[in-house]
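Provided below for reference: sequence and predicted model.
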There are 2 protein chains.
Amino acid sequence: MEYLKQCILKDGKLKPGNVIKVDSFLNHQINTDLFLKMGAEFKRRFADKNITKILTIEASGIGMATIVATFFDNVPVVFAKKTRSSNISLDVYTTDVYSYTHQIMNHIVVSKEFLKAEDHILIIDDFLANGEAVLGLLELCRQANAQVEGVGIAIEKGFQKGGKLIREKGIPLESLAIIDAMDDTSITFR
Amino acid sequence: MEYLKQCILKDGKLKPGNVIKVDSFLNHQINTDLFLKMGAEFKRRFADKNITKILTIEASGIGMATIVATFFDNVPVVFAKKTRSSNISLDVYTTDVYSYTHQIMNHIVVSKEFLKAEDHILIIDDFLANGEAVLGLLELCRQANAQVEGVGIAIEKGFQKGGKLIREKGIPLESLAIIDAMDDTSITFR
């Protein structure tokens, strides 16, 4: 998606260790125009799917998921919560997700009430790198017997394993910008 | 706002200790229709304000703030991040916010880059009870010399002190539903 790539090139900040900071438009400050354009683009890419619910994970997926929902007949959004507590209620689906950014293990939880076998789920998140968060959300859907219709990502780091792992499962994955290579000074999109 | 009150009466779950769970439509699962109606209502109530940015706090404020932004000429949204780390960078505004829900002290931070003296801020959050979160956001705006044009809240617990504290500062506060009294079986709206 051209507009997103322009935002990345213009406002993304490259840091050592294959890190790109996009907090001026994606995950601290939100470019609302961009989010609306991404919502329309996800609707175009998943036009043939009958989505009944958007699933994401706190915190930075929530804004995108909520805007995306307005392009899919205002379906509900559910966001998985992160907790480090091991005191997990029986009323939730839960799994472990390792955060490479913060180097901690989080449990993620969704109330059983809000994820059902009859749901057709579109998973939305801002970033896909090693795939930990999305694989965790897929696991919650598996526990609920919910049908995952697709995964929509803003920025995929194509040189890390997440995209490959999800595509190998046969799940439709649409990333609006895929970075195939980057260093301290330049970015190559797929 | 009548529709929000209906959602509270229909889907809110009353718990002992003046607790109301609204996670089926406000802060775990999101009722997208409701959020769009709330966005339109905030626009109506703050129609005379020239808002340049929406400020909220992770996690449950983000979805609402992002939808609200679409009613204010797609201004950017900034969400304050919570951290328990005392290792705070010099590039951020920060203050302490006590969470009564989780009984912990969080530091909240916003990058100095995203909150400026020229900003006209509308603060948005899902809940107002003792006012800790909103007072923290007001403090970040004070540090940035940003102009706060108003505070928009979905549900205010009118019997707790937050609303009074904010109104006493002379800041326009609009809460779409104000609960004046509640017990285990009933709710009284203002």
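Looks like it came in fine.

Next, A:L36: phi, psi?
Dihedral pair for A:L36: phi -60, psi -40, per degrees, to the nearest 10.

Can you read off the pLDDT for the closest residue to it other than its chain neighbours?
In space, and not counting its chain neighbours, A:L36 is closest to A:I67: 6.1 Å by Cβ to Cβ, 6 or more residues apart in numbering or on different chains. Every C-beta, even on glycine, is put in place using the N, C-alpha and C of the backbone. pLDDT recorded at A:I67 is 98.

give me the number of residues near A:I67?
Counted with other Cβ atoms under 10 Å in any protein chain shown, the neighbours of A:I67 add up to 28.

Wait, it touches B:I67, no?
Yes. Using Cβ atoms under 8 Å, A:I67 is in contact with B:I67, at 7.2 Å.

Whichever strand or helix holds the residue nearest to A:L36 versus helix B:61-70: what angle between them?
A:I67 belongs to helix A:61-70 when elements are defined using DSSP states H and E. Using axes from the mean of the first three to the mean of the last three Cα atoms, to 10 degrees, one finds that helix A:61-70 and helix B:61-70 are set 50 degrees apart in direction.

now what about helix A:61-70, what contacts it?
Applying Cβ atoms under 8 Å, 6 or more residues apart in numbering or on different chains, the contact partners of helix A:61-70 are A:30, A:32, A:35-36, A:38-39, A:42-43, A:54-56, A:75-77, A:79, A:122, A:124-126, A:133, A:152, A:154, B:30, B:32, B:35-36, B:59, B:62-67, B:70, B:77, B:79.

rerun that using 6 Å as the cut-off
With contact meaning Cβ atoms under 6 Å, 6 or more residues apart in numbering or on different chains, helix A:61-70 is reached by A:30, A:35, A:39, A:42, A:54, A:56, A:75, A:77, A:79, A:124-126, B:30, B:32, B:62-63, B:66-67.

go on, stretch A:83-98?
Contacts of stretch A:83-98 (Cβ under 6 Å, 6+ apart): A:105-112, A:132-133, A:136, A:139-140, A:143-144.

which of those lies closest to A:L173?
Proximity of those to A:L173 was ranked by Cβ to Cβ; the top entry is A:A133 with 13.3 Å.

Check the gap between the residue nearest in space to the middle of chain A and chain B for me.
The C-alpha lying nearest the average C-alpha coordinate of chain A belongs to A:D125 (Cα atoms, centre = their mean; 1.5 Å). Between A:D125 and chain B the computed distance is 13 Å (Cβ to the nearest Cβ, to the nearest Å).

quick one: strands adjacent to the host helix or strand of that residue?
Applying DSSP H and E as the criterion places A:D125 in strand A:120-128. When pairs are called by DSSP bridges, strand A:120-128 turns out to pair with strand A:53-57 (parallel), strand A:147-157 (parallel).

What are the buried residues along it?
By neighbour count on 16 or more other Cβ atoms under 10 Å in any protein chain shown, the buried set for strand A:120-128 is A:I121, A:L122, A:I123, A:I124, A:D125, A:D126, A:F127, A:L128.

ditto for stretch A:74-90
Across stretch A:74-90, burial judged by 16+ other Cβ under 10 Å covers A:V75, A:P76, A:V77, A:V78, A:F79, A:A80, A:K81, A:K82.

out of these, which are inside strands?
The members of the buried residues of stretch A:74-90 that map onto strands under DSSP state E are A:V77, A:V78, A:F79, A:A80, A:K81, A:K82.

Is the first one bridged to anything, and to what?
When bridges are called by DSSP bridges, A:V77 pairs up with A:I54, B:I30.

Please name the residues that touch A:E174.
Contacts for A:E174 (Cβ under 6 Å, 6+ apart) come out as A:R45, A:G152.

Check A:Y3 too.
A:K37.

did I read that right, it in a helix?
Yes. The assignment for A:Y3 is a helix, going by DSSP: H, G, I helix; E, B strand; the rest coil.

quick one: A:V68 from B:K43, how far?
A:V68 sits 21 Å away from B:K43, taking Cβ to Cβ, to the nearest Å as the criterion.

Comparing these two, which residue is more hemmed in?
Neighbours per residue (other Cβ under 10 Å) separate A:V68 from B:K43, with A:V68 holding more: 28 against 18.

ok, now how distant is the more buried one from B:V19?
Distance from A:V68 to B:V19, by Cβ to Cβ: 31 Å.

What of A:R167?
44 Å.

Verify the stated contact: A:Q160 with A:A129.
Yes. Here A:Q160 lies in contact with A:A129, judged by Cβ atoms under 6 Å, at a distance of 4.5 Å.

So for those two, which sits in the more crowded spot?
A direct count of neighbours by other Cβ under 10 Å for A:Q160 and A:A129 places A:A129 higher, at 22 against 16.

what residues are up against the more buried one?
Contacts of A:A129 by Cβ under 6 Å, 6+ apart are A:K157, A:Q160, A:G162.

same thing with A:V77?
A:V77 neighbours (Cβ under 6 Å, 6+ apart): A:I54, A:A65, A:T66, A:A69, B:I30.

Going by neighbour count, which of these comes out on top?
Among the contacts of A:V77, B:I30 has the most neighbours (other Cβ under 10 Å), with 30 neighbours.

Quick check on A:A117: phi, psi?
Per-residue torsions, A:A117: phi -60, psi -30 (degrees, to the nearest 10).

how about the residues of chain A near chain B?
Residues of chain A lying close to chain B by Cβ under 6 Å from any Cβ of the partner chain are A:29-30, A:32-33, A:58-59, A:62-63, A:66-67, A:69, A:74, A:76-78, A:114.

now the helix or strand encompassing A:F35: mean pLDDT?
For A:F35, the element it lies in under DSSP H and E is helix A:32-45. For helix A:32-45, mean pLDDT rounds to 98.

Report the inter-axis angle for that helix versus helix B:61-70.
With the same axes, to 10 degrees defining the directions, helix A:32-45 sits at 100 degrees from helix B:61-70.

Would you pull up how far helix A:32-45 lies from the middle of the chain?
Distance of helix A:32-45 from the chain centroid (Cα atoms, centre = their mean, to the nearest Å) equals 14 Å.
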